[in-house]
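Trainee: this one's structure only:
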């Protein structure tokens, strides 16, 4: 498990809150929270969809070999 840090809980209106130290910041502006026994687990909300996935991928920096694959000949279907 990663490093530990002592934090204080406080009230924000009717909600209990904790200020997350900078070394534990999550990406984005939304998260999912759930219980694991008596622990609270906070995870970043992962955006779904192909565009979100493609934005996380690094471009390929390799060249691909040429493939001899000519287009098929047209066929008469009538």
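Mentor: Structure received. This one's a predicted model, so the numbers in the text were calculated from it and none came from an experiment.
Trainee: Now stretch 11-29: average pLDDT?
Mentor: The average pLDDT for stretch 11-29 rounds to 93.
Trainee: Show residues contacting it.
Mentor: Under the contact criterion Cβ atoms under 8 Å, 6 or more residues apart in numbering, stretch 11-29 has outside partners 3, 5, 7-10, 42-45, 47. Backbone N, C-alpha and C define where each C-beta goes, glycine included.
Trainee: can you do 7 Å?
Mentor: For stretch 11-29, contacts defined as Cβ atoms under 7 Å, 6 or more residues apart in numbering pick out 5, 7, 9-10, 42, 44-45.
Trainee: distance between it and the chain's centre?
Mentor: Centroid separation for stretch 11-29 versus its chain: 19 Å, with Cα atoms, centre = their mean, to the nearest Å.
Trainee: What ranges does this protein have for its strands?
Mentor: For the chain, applying DSSP state E gives strands covering 9-12, 15-18, 31-36, 39-44.
Trainee: From the contacts of stretch 11-29, keep the buried residues only.
Mentor: Not one of the contacts of stretch 11-29 meets the buried threshold, by 16 or more other Cβ atoms under 10 Å.
Trainee: Let me have the residues you listed in JSON lines, adding distance to residue 35 as columns.
Mentor: Shown next, in JSON lines, are the contacts of stretch 11-29 (distance: Cβ to Cβ, whole Å):
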{"residue": "5", "distance to residue 35": "20"}
{"residue": "7", "distance to residue 35": "18"}
{"residue": "9", "distance to residue 35": "16"}
{"residue": "10", "distance to residue 35": "20"}
{"residue": "42", "distance to residue 35": "11"}
{"residue": "44", "distance to residue 35": "18"}
{"residue": "45", "distance to residue 35": "17"}
